[in-house]
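Colleague: From the sequence below, what's the structure:
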Amino acid sequence: MKCAPLSRRLPPLPGALPKNDADQKPKRHTKRLQNRHLNEIWFPGQSDYANDVGMTKSLLILNGPNLNLLGTRQPEVYGTTTLPMIEALCADHAKAMGIKVAFAQSNIEGAMVDALHAARGVHDGVILNAGAYTHTSIALMDAIFSTELPTIELHLSNVHAREEFRHHSYIAKAAVGIICGFGAAGYTLAMTAMCDYLGASA
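Modeller: Sure thing, here's the model as predicted:
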């Protein structure tokens, strides 16, 4: 899968020069979270989807340990799609839905807890692939309960068809739902499901 640079696919921001101005380049909103990787991309007015559910929503897609190695780490289990490719896929999906999307990844449990805390009041929902922390982290579970942010637990592989220790999830106790086994496509499935959930609960 070859993805074009995001800069080629972002729409002009409100107040930008007309489209026929060849020198005008789309811009991307970017935020930083405590010097950690966190990019936010906003696609206003790209679809009637947000209007259909009565809102323009913002989602945080938070990835945990070892997911920065996607594409080379056990491709027979996790596939060959890299994390930047997944983020590009999600950015395209956000554009189609007319919503905001932000991305963060950390191999450190405490940094992921910080990211969840920082998402409160900024984002409306979280797509969380906590990796191995899914099966061990009471702290992440408590952070989801504490922030009260609707969260979908996500896994690239079908964890229930793998080792027994992967069958237990602390995240599931706090999540509104779980998506697993669909590879990179699970991210866009989770985004759509979260927006439907937020619309139904609005």
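Colleague: and residue 197, what is it in contact with?
Modeller: By Cβ atoms under 8 Å, 6 or more residues apart in numbering, the contact set of residue 197 is 125, 150, 176, 177. The C-beta positions use only the backbone N, C-alpha and C, and glycine is treated the same way.
Colleague: element containing it, please.
Modeller: Here residue 197 sits within helix 185-201, counting by DSSP states H and E.
Colleague: how far out from the middle of the chain is that helix?
Modeller: 11 Å (Cα atoms, centre = their mean, to the nearest Å).
Colleague: Can you give me the buried ones in it?
Modeller: The neighbour-count check on helix 185-201 (16 or more other Cβ atoms under 10 Å) flags 186, 187, 188, 190, 191, 193, 194, 195, 197, 198 as buried.
Colleague: May I see the residues you listed organised as CSV, with distance to residue 161 and pLDDT added?
Modeller: CSV is the format used below for the buried residues of helix 185-201 (distance: Cβ to Cβ, whole Å; pLDDT from 0 to 100):
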residue, distance to residue 161, pLDDT
186, 15, 96
187, 20, 97
188, 22, 97
190, 19, 98
191, 24, 98
193, 21, 97
194, 24, 97
195, 28, 96
197, 26, 96
198, 30, 95
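Colleague: lowest average confidence, helix or strand, in this structure?
Modeller: helix 49-52 (a mean of 40; mean pLDDT, DSSP states H and E).
Colleague: from the contacts of residue 197, which would you call buried?
Modeller: Neighbour counting with 16+ other Cβ under 10 Å marks 125, 150, 176 as buried within these.
Colleague: Apart from its neighbours in sequence, what residue is nearest the second one?
Modeller: This points to residue 150. residue 125 (4.5 Å; Cβ to Cβ, 6 or more residues apart in numbering).
Colleague: Specify the beta-bridge partners of that neighbour.
Modeller: Under DSSP bridges, the beta-bridge partners of residue 125 are residue 59.
Colleague: what ranges do the strands span in the protein?
Modeller: Per DSSP state E, the chain carries strands over the ranges 38-42, 58-63, 100-105, 125-129, 151-155, 177-180.
Colleague: hang on, isn't residue 193 packed against residue 177?
Modeller: Yes - at 6.4 Å, residue 193 counts as touching residue 177 under the criterion of Cβ atoms under 8 Å.
Colleague: what's the residue closest to the geometric middle of the protein?
Modeller: Centroid check for the chain by Cα atoms, centre = their mean gives residue 61 as the closest residue, at 2.0 Å.
Colleague: For that residue, list the residues it contacts.
Modeller: 87, 90, 101, 102, 103, 104, 126, 127, 187, 191.
Colleague: Using JSON lines, lay out the residues you listed together with distance to residue 76.
Modeller: Below are the contacts of residue 61 laid out as JSON lines (distance: Cβ to Cβ, whole Å):
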{"residue": "87", "distance to residue 76": "23"}
{"residue": "90", "distance to residue 76": "24"}
{"residue": "101", "distance to residue 76": "29"}
{"residue": "102", "distance to residue 76": "30"}
{"residue": "103", "distance to residue 76": "25"}
{"residue": "104", "distance to residue 76": "27"}
{"residue": "126", "distance to residue 76": "29"}
{"residue": "127", "distance to residue 76": "24"}
{"residue": "187", "distance to residue 76": "20"}
{"residue": "191", "distance to residue 76": "26"}
